[in-house]
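**Student:** what follows is a protein structure lacking sequence information:
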């Protein structure tokens, strides 16, 4: 009985202690015990993130910002290549006009990269969005080009040599009198001194045709990719059998790493447009053209053409120098 009395007494004292506390204190305790959630963040479907550690730890980087940094680094790297090419032209070829052209190209690429990281980040964001949209089509174009290379090598194995066809195409497009330094040597060989303007004029029409091939539902674009791959594969196989694969890589690689992506971008733009037409026909797309699509595509096309211009400077003034160093004759 005494234990029960003590229990009742203890409970009574505890109850009395709670009753003696003011209601305001009890409300404060309840607020302290409950977790707090930002009402605005809850309505937005997000939870407010804690503040960064005062010790210097920063929150995770924004993926878009990271991609912008990648594009900025790419543009700056291309700028370094262009300026370095200009310096090589000036030293090795004593061609100040061509050197100035390469330097101007490098300055433009560098300015775009720096501006995209500082003044106009929307430029790099637009370029990233354009590449994301066209990337599958550019890879498809590269696959077609690879198929063409395989066909060209197979033709060589069958005894077909297309080097004469390549020379005829060049002379028919420009004529011997229009080739820079062109003419015929005493043994009847066509000779010319390569210039960047020559390669720009030679490579821009296929670049534009790969884009415009969309008007033929991609048929012309497909033929351009396969035929260029076929021609390069066959000629590389023919010359490689005579000189070895190292020389072929030295003659194609330095400018090919810029020229081929430019061509794939152009073809990707053409194939993407064909796909949009198909989507519009079946009703899965409301509009064939939008301002955002046109802006993205224009930025990507300009970027691709600048790659083509850089490839022209490298092909005209650097490729042969590297080939002589790597494979001295």
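**Tutor:** Alright, I've got the coordinates. From a predicted model like this one, the values you see are computed outputs, not experimental measurements.

**Student:** how close does residue 171 sit to residue 307?
**Tutor:** As judged by CB to CB, to the nearest Å, residue 171 and residue 307 stand 27 Å apart. C-beta: built from backbone N, CA, C; applies to glycine.

**Student:** who has more neighbours out of the two?
**Tutor:** residue 307 (23 against 16; other CB atoms under 10 Å).

**Student:** hang on, the more buried one packs against residue 257?
**Tutor:** No. Contact criterion CB atoms under 8 Å: residue 307 and residue 257 do not qualify, at 9.3 Å.

**Student:** what's near enough to touch the spatially closest residue to residue 220 that is not a sequence neighbour?
**Tutor:** Nearest non-adjacent residue to residue 220, counting by CB to CB, 6 or more residues apart in numbering: residue 213, 3.3 Å away. Shown in contact with residue 213 (CB atoms under 8 Å, 6 or more residues apart in numbering): 219-224, 267, 270.

**Student:** cool, and residue 142?
**Tutor:** 260, 264.

**Student:** ok, 6 Å please
**Tutor:** residue 264 (CB atoms under 6 Å, 6 or more residues apart in numbering).

**Student:** distance of the spatially most central residue of the chain from residue 201?
**Tutor:** Among the residues of the chain, the one closest to the centroid is residue 131, at 5.9 Å (CA atoms, centre = their mean). Distance of residue 131 to residue 201, computed by CB to CB: 27 Å.

**Student:** and what of residue 253?
**Tutor:** Residue 253 is 23 Å from residue 201, by CB to CB.

**Student:** same question for residue 322.
**Tutor:** Counting by CB to CB - residue 322 and residue 201 are separated by 23 Å.

**Student:** then residue 278?
**Tutor:** Taken as CB to CB, the span from residue 278 to residue 201 is 34 Å.

**Student:** so where do the helices sit in the stretch 51-200 of the chain?
**Tutor:** 63-88, 96-117, 121-157, 163-174, 196-212 (DSSP state H, counting those that start in this stretch).

**Student:** of the ones you listed, which is nearest residue 287?
**Tutor:** Closest approach to residue 287 among these (CB to CB): helix 121-157, 14.9 Å.

**Student:** between that closest one and helix 196-212, how many degrees?
**Tutor:** 90 degrees (axes from the mean of the first three to the mean of the last three CA atoms, to 10 degrees).

**Student:** below-threshold pLDDT in the stretch 1-150 of the chain: ranges please.
**Tutor:** Along the stretch 1-150 of the chain, the model assigns pLDDT under 70 to residues 1-64.

**Student:** let's go with 90 and repeat that
**Tutor:** Applying pLDDT under 90 to the stretch 1-150 of the chain picks out residues 1-67, 94, 117-119.

**Student:** cool, the stretch 201-329 of the chain as well?
**Tutor:** Ranges of the stretch 201-329 of the chain meeting pLDDT under 90: 239-251, 283, 288, 320-329.

**Student:** how about 50 then?
**Tutor:** Of all residues in the stretch 201-329 of the chain, none has pLDDT under 50.

**Student:** now the element after the strand or helix carrying residue 311, going C-ward?
**Tutor:** Applying DSSP states H and E as the criterion places residue 311 in helix 291-317. Per DSSP H and E, helix 291-317 leads on to helix 319-326 as the next helix or strand towards the C-terminus.

**Student:** what helices or strands is that following helix leaning on?
**Tutor:** Packed against helix 319-326 by the contact rule (3 or more CB pairs under 6 Å, 6 or more residues apart in numbering; DSSP states H and E) you find helix 245-282.

**Student:** packing partners of the helix it packs on?
**Tutor:** helix 121-157, helix 196-212, helix 219-243, helix 291-317, helix 319-326.

**Student:** would CSV of the ones you listed with distance to residue 111 be doable?
**Tutor:** As requested, the helices and strands packed on helix 245-282 are exported to CSV (distance: least, CB to CB, whole Å):
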stretch, distance to residue 111
helix 121-157, 11
helix 196-212, 20
helix 219-243, 32
helix 291-317, 12
helix 319-326, 26
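
**Student:** closest to residue 77 out of the ones you listed?
**Tutor:** Short answer: helix 291-317, nearest of the helices and strands packed on helix 245-282 by CB to CB, at 11.0 Å.

**Student:** off-centre distance for the closest one?
**Tutor:** How far helix 291-317 lies from its chain's middle: 10 Å, per CA atoms, centre = their mean, to the nearest Å.
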